[in-house]
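*Asks:* structure for the following, please:
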Amino acid sequence: MEPKIIYQDDSIFVIDKPAGWIVNEASTTKYQPVLQTWLRKFEYPLVDDTESRHGIVHRLDKETSGVMLVAKTKEAFEKLQAEFKNREVQKTYIALLHAKVEPQEGEIKISIGRLPWRRDRFGVLPGGRESLTLYKVLHFYPGNNAGHTLVEFYPKTGRTHQIRVSAKSIGHAIVADEFYAGRKTARNDRKWCPRLFLHAASIKFIHPETNKTVEYKSDLPEDLKSVLKNL
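*Replies:* The predicted model follows:
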């Protein structure tokens, strides 16, 4: 399945990234679908600009699906980067968590850092970078293993693995999260959920050219919809 273009104009692409796609090229990404490589088939000012990461303003994890912004011009890239830095971009994610999440809404404020003993993972670490995530419960599915909760997350900062680490920090890891749910739990999850249940559902930002606030959405993909149907 290829990425889809939700919207484009002279200064931006809004892309719907499928799960399984890596965002940036690296020496370890051979033989895997990479968004940066896919973007090369389009003609736009930043297509060959490695310094500006071909216009890729922010990232989603490989297994996370959903809406992403790509700048076509240097000016748009810098404006959008500044918006992310100044926390002016509003993002909404949908995730399925283990057990019943209470209270129904709240905020998770933790400091996140790279784990010294596992460099590919992050956790709550003293001296880490402050992160803030708001959440709201959408639905509780009672059933096996204390049930599952569908939650909307609104990250106010942009730390790596922020939502995944925040969910784990309140004792409700995301379903099928091989990094943070524990190996055995994740393996059992994968019997009924094909991948990490995390989806970037919407993004709201100030358009770099028109200076108007715009919002773009991505529907929950079929693989995750059918997981919810089966619950």
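
*Asks:* same for the lowest-mean-pLDDT helix or strand in the chain, what does it pack against?
*Replies:* Within the chain, confidence by mean pLDDT, DSSP states H and E is lowest for strand 118-124 among all helices and strands, at a mean of 91. On a contact count with 3 or more Cβ pairs under 8 Å, 6 or more residues apart in numbering; DSSP states H and E, strand 118-124 meets strand 105-115, helix 162-169. All C-beta spots, glycine's among them, are computed from the backbone N, C-alpha and C.

*Asks:* and the lengthiest strand in the chain with strand 105-115, angle?
*Replies:* In the chain, taking DSSP state E as the definition, the longest strand is strand 129-141. Counting by axes from the mean of the first three to the mean of the last three Cα atoms, to 10 degrees, strand 129-141 lies at 130 degrees to strand 105-115.

*Asks:* partner residues bridging residue 140?
*Replies:* Residue 140 has these beta-bridge partners by DSSP bridges: residue 149.

*Asks:* circling back to that earlier point, helices or strands next to the longest strand of the chain in the packing?
*Replies:* If you count contacts as 3+ Cβ pairs under 8 Å, 6+ apart, strand 129-141 packs onto strand 105-115, strand 148-155, helix 162-169.

*Asks:* hang on, residue 69 packs against residue 53?
*Replies:* No. In this structure, residue 69 is not within contact of residue 53 by Cβ atoms under 8 Å, at 11.9 Å.

*Asks:* can you say which of the helices and strands packed on strand 118-124 is packed in most?
*Replies:* Mean neighbour count (mean count of other Cβ atoms under 10 Å) peaks for helix 162-169 among the helices and strands packed on strand 118-124, with a mean of 24.

*Asks:* re the thing from before, now the least confident helix or strand of the chain, how far from the centre of its chain.
*Replies:* 17 Å (Cα atoms, centre = their mean, to the nearest Å).

*Asks:* do stretch 33-51 as well
*Replies:* Taking Cα atoms, centre = their mean, the mean C-alpha location of stretch 33-51 is offset from the chain mean by 20 Å.
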